[in-house]
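# based on what follows, work out the 3D shape:
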Amino acid sequence: QVQLVESGGGLVQAGGSLRLSCAASGRRTFGDVAMGWFRQAPGKEREFVAAISRGGSSTAYTDSVKGRFTISRDNAANTLYLEMNSLKPEDTAVYYCAADTTLRAVLMRTGGAYDYWGQGTQVFVSS
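Coordinates of the predicted model:
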């Protein structure tokens with residue numbers, strides 16, 4: 001079992017920055033779980049944003065955020081982060097963190113691979 005709680009969302013102007021956090025708790029050791037960030041804009045399907053391996057040495061990003069967003073984790077603090085820079089209005093969405101508890105050799109980009117989800121945090125980027 002993994003419980004996830006996101007924070008750090010808010011309203012920011014285009015070009016600005018935000019840092020999202022995802023606090024994990026539960027019986028599963030955080031460092032044993034790959035993590036991901038997804039987002040869902042109004043009227044659109046949920047989409048993959050970024051993922052990070054259990055130890056943090058491997059990351060993956062969707063093309064639209066490469067060079068602007070950075071995923072990281074602090075296993076000692078049971079926390080996942082998403083640093084978002086150079087934000088654009090099209091980044092507006094509810095952002096979700098998710099946990100993939102299956103031991104895999106690759107980072108997953110599909111939501112169905114993730115077992116546990118947070119409640120989401122809203123990010124709004126004004127133009």
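# run through who's touching stretch 87-96.
The contact list for stretch 87-96, computed with Cβ atoms under 8 Å, 6 or more residues apart in numbering, reads 6, 9, 12, 14-18, 20, 37-41, 44, 46, 49, 64-65, 68, 82, 84, 117-127. Where C-beta positions appear, they are placed from N, C-alpha and C, glycine not excepted.
# buried only: go through the residues you listed for me.
6, 9, 12, 18, 20, 37-39, 46, 49, 65, 82, 84, 117-118, 120-121, 123, 125 (16 or more other Cβ atoms under 10 Å).
# now intersect the residues you listed with the strands, please.
Counting by DSSP state E, the part of the buried ones among the contacts of stretch 87-96 found in strands is 6, 12, 18, 20, 37-39, 49, 82, 84, 117, 121, 123, 125.
# export the residues you listed to JSON lines and tack on pLDDT and distance to residue 107?
Listed next are those as JSON lines, based on pLDDT from 0 to 100; distance: Cβ to Cβ, whole Å:
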{"residue": "6", "pLDDT": "98", "distance to residue 107": "19"}
{"residue": "12", "pLDDT": "98", "distance to residue 107": "27"}
{"residue": "18", "pLDDT": "98", "distance to residue 107": "23"}
{"residue": "20", "pLDDT": "98", "distance to residue 107": "18"}
{"residue": "37", "pLDDT": "98", "distance to residue 107": "12"}
{"residue": "38", "pLDDT": "98", "distance to residue 107": "13"}
{"residue": "39", "pLDDT": "98", "distance to residue 107": "17"}
{"residue": "49", "pLDDT": "98", "distance to residue 107": "12"}
{"residue": "82", "pLDDT": "98", "distance to residue 107": "15"}
{"residue": "84", "pLDDT": "98", "distance to residue 107": "19"}
{"residue": "117", "pLDDT": "98", "distance to residue 107": "17"}
{"residue": "121", "pLDDT": "98", "distance to residue 107": "22"}
{"residue": "123", "pLDDT": "98", "distance to residue 107": "22"}
{"residue": "125", "pLDDT": "98", "distance to residue 107": "26"}
